[in-house]
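Asker: I'll drop the sequence and a predicted model, then ask my questions.
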Amino acid sequence: MTSLAAPNVVNVHDLRRLARARLPDAVFDYLDGAADDEVTLQDSTRAFREVLFKPRFAVATPACDLGVTVLGHTLDLPFILAPIGYSRLMHPRGELAASKAAGKHGTAYILSTMSGHTIEDVKAQSNGPKFYQLYLAGGRDAAEAAIRRAKAAGYTALFVTIDTPVAGNRERDVRNGMKALMGTNPFAKLKYLPNILMHPRWLAAFLADGMTRPFPNIVVPGSGPLAAVDVAAALESAQVSWTDLKWIRDVWDGPIVMKGVMTADDARRSVDYGAQGIVVSTHAGRQLDGVAGSLRVLPGIVEAVGHQTEVLFDGGIRRGADVVRAMALGARACLLGRGYAYGMAAAGDAGVERAIEIFRADIVRTLKLLGAASIRDVNAEHVWHKPDFRVD
Ligand SMILES: Cc1cc2nc3c(=O)[nH]c(=O)nc-3n(C[C@H](O)[C@H](O)[C@H](O)COP(=O)(O)O)c2cc1C
């Protein structure tokens, strides 16, 4: 196996390179790609470059405290692992690897509705906090069954993703034949097989894992677990509205976090609805292309609701310094998406762990160079950006 140590793997871009080598194009592009012209994806990372640091030197920081509290949990790290659908397609251990590594490093994991492993198996991987990300795909009955299972298994918060009324237009997936590859017609897959055969390590693991399976946590009454190929249609027929959110509140009595908030209006609405948190997020640029990189809207949303609810942030984080920038602009904690998923896709458990270690080391170094002893001390005084950086 390829070494994950330096100098082979120095940063997340190296994990991305290894993931690209291991995965067939269809799977790598599913992970790496975004919607339409990928304008939002590009702006997500560009926005970080526009936030510059203002260090305070000659400050002693012998130890740096990275701890934060999120939804009542004390975490050792200021980032948690975001829900990534189809993780099991990238690596047989997928969601299990993420859950285990998060727990081992003292942080939380958010399990996607689109998981290939069961709610229970993922929870059993570690004692760290687990949150469940909810789509209504499969309808209210399927969602209610999943919510009850999550509750029984010990998940402590529900992240309701509100930015997916329809699957985004991911053109890389269309070109790579993702739909045909997920389907049951073997002839439709033929065109895409040569590229898959060029990735024997991935293919052997995929075959040994039983190939594409239905989603074990979307159990539609009367018809069983939802097939992967039916997901797009299921999402479209089960769009979340504010009425559903009232219903979710009746079924789940724990904290609810709205994921996919991009305006102060939706943030205020989430607070009115009683959300204990929101995630400022563009869904990795995979939904509405042309919205701003999420970092640009973060300051305005923090000003609007930061005193009333926990404002979490994700999108475009590729370095620990990006986590520090987002915290300086008011995030309570960040979610890593591709930042850990590249590692998972490259090397399962070891890859997620390597990604977490890289982010942790980056954050500690950045704090020391900034002259901050704790991540909680980082604030707007530590950064500078042009006035037109913000989108309100
Ligand atoms: C391959 C992939 C699958 C994703 N699946 C889900 C999902 O099932 N549910 C969800 O709420 N968000 C999903 N997201 C969005 C992530 O939770 C997170 O918001 C995003 O990845 C953060 O951006 P980043 O990848 O630039 O860090 C997915 C993102 C990617 C890249």
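Answerer: All right, it came through fine. Numbering: from 1, shown residues only.

Asker: all contacts plus neighbour counts: C-alpha atoms, from now on.
Answerer: OK.

Asker: what comes up buried for the helix or strand of the chain with the lowest mean pLDDT?
Answerer: Evaluated with mean pLDDT, DSSP states H and E, the helix-and-strand set of the chain has its lowest mean pLDDT in helix 231-236, which scores a mean of 82. Residues Val231, Ala234, Leu235, Glu236 are the ones in helix 231-236 that count as buried (16 or more other CA atoms under 10 Å).

Asker: possible to save these as TSV with distance to the ligand?
Answerer: Conversion of these to TSV gives the following (distance: CA to the nearest ligand atom, whole Å):
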residue	distance to the ligand
Val231	11
Ala234	13
Leu235	11
Glu236	14
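
Asker: Between which two of the residues you listed is the distance greatest?
Answerer: In those, the most distant members under the criterion CA to CA are Val231 and Glu236, with 8.6 Å between them.

Asker: Now the phi/psi pair for the residue nearest the centre of the chain, please.
Answerer: Using CA atoms, centre = their mean, the residue of the chain that lies closest to the mean C-alpha position is Ala82, 2.7 Å off. When quoted as degrees, to the nearest 10, the phi and psi of Ala82 stand at phi -80, psi 160.

Asker: And Asp314, by the same measure?
Answerer: Here is the backbone geometry of Asp314 (degrees, to the nearest 10): phi -150, psi 170.

Asker: for it, what are its contacts?
Answerer: Neighbouring residues of Asp314 by CA atoms under 8 Å, 6 or more residues apart in numbering: Val279, Val280, Ser281, Thr282, Ala284, Ser294, Cys334, Leu335, Leu336, Gly337.

Asker: quick one: which of those is most hemmed in?
Answerer: Within those, Ser294 tops the neighbour count with 33 neighbours, counted by other CA atoms under 10 Å.

Asker: how much space is there between the residue nearest to it when sequence neighbours are not counted and Met178?
Answerer: Nearest-residue entry for Ser294: Ser281, 5.6 Å, with adjacent residues in sequence omitted and distances by CA to CA, 6 or more residues apart in numbering. Distance, Ser281 to Met178, using CA to CA, to the nearest Å: 25 Å.

Asker: related to what we said a few turns ago, for the residue nearest to the centre of the chain, what are its contacts?
Answerer: Contacts were defined as CA under 8 Å, 6+ apart; by that measure Ala82 touches Tyr109, Ile110, Leu111, Leu335, Leu336, Gly337.

Asker: among these, which are within reach of the ligand?
Answerer: Applying CA under 6 Å from any ligand atom, the subset of the contacts of Ala82 adjacent to the ligand comprises Leu336, Gly337.

Asker: out of the contacts of Ala82, which are inside strands?
Answerer: Secondary structure assignment by DSSP state E places Tyr109, Ile110, Leu111, Leu335, Leu336 of the contacts of Ala82 in strands.

Asker: What sits closest to the second one if chain neighbours are left out?
Answerer: Ranked by CA to CA, 6+ apart and with sequence neighbours excluded, the top spatial neighbour of Ile110 is Phe131, at 4.6 Å.

Asker: in terms of contact, does that neighbour touch Lys151 like I think?
Answerer: No - the pair formed by Phe131 and Lys151 falls short of the contact definition of CA atoms under 8 Å, at 9.7 Å.

Asker: So between those two, which is more surrounded?
Answerer: Residue environment comparison for Phe131 versus Lys151 gives the larger neighbour count to Phe131, 27 against 19, counting by other CA under 10 Å.

Asker: mind listing what that one touches?
Answerer: Contacts of Phe131 (CA under 8 Å, 6+ apart): Ala108, Tyr109, Ile110, Leu111, Tyr155, Thr156, Ala157, Leu158, Phe159.

Asker: Report the set of residues contacting both of Val231 and Glu236.
Answerer: With CA under 8 Å, 6+ apart applied, the overlap between the contact sets of Val231 and Glu236 consists of Ala137.

Asker: coming back round to it: so which of the contacts of Asp314 comes closest to Arg319?
Answerer: Within the contacts of Asp314, proximity to Arg319 (CA to CA) peaks at Leu336, which comes in at 9.9 Å.

Asker: hmm, back to that, quick one: name whatever helix or strand follows the least confident helix or strand of the chain.
Answerer: Scanning forward in sequence from helix 231-236 by DSSP states H and E, the next helix or strand is helix 242-251.

Asker: Buried residues of that next one, list them for me.
Answerer: Counting neighbours by 16+ other CA under 10 Å, one finds that the buried residues in helix 242-251 are Leu245, Ile248, Arg249.

Asker: Give me the contacts around the next helix or strand after it.
Answerer: Under the assignment DSSP H and E, the closest C-terminal helix or strand after helix 242-251 is strand 256-261. Surrounding strand 256-261, the residues in contact under the criterion CA under 8 Å, 6+ apart are 157-163, 249, 267, 270, 274-283.

Asker: coming back round to it: could I get the buried residues of helix 242-251 as a markdown table with distance to the ligand and pLDDT?
Answerer: Converted to a markdown table, the buried residues of helix 242-251 look like this (distance: CA to the nearest ligand atom, whole Å; pLDDT from 0 to 100):
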| residue | distance to the ligand | pLDDT |
| --- | --- | --- |
| Leu245 | 15 | 88 |
| Ile248 | 16 | 94 |
| Arg249 | 18 | 92 |
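
Asker: No further queries at this time; thank you.
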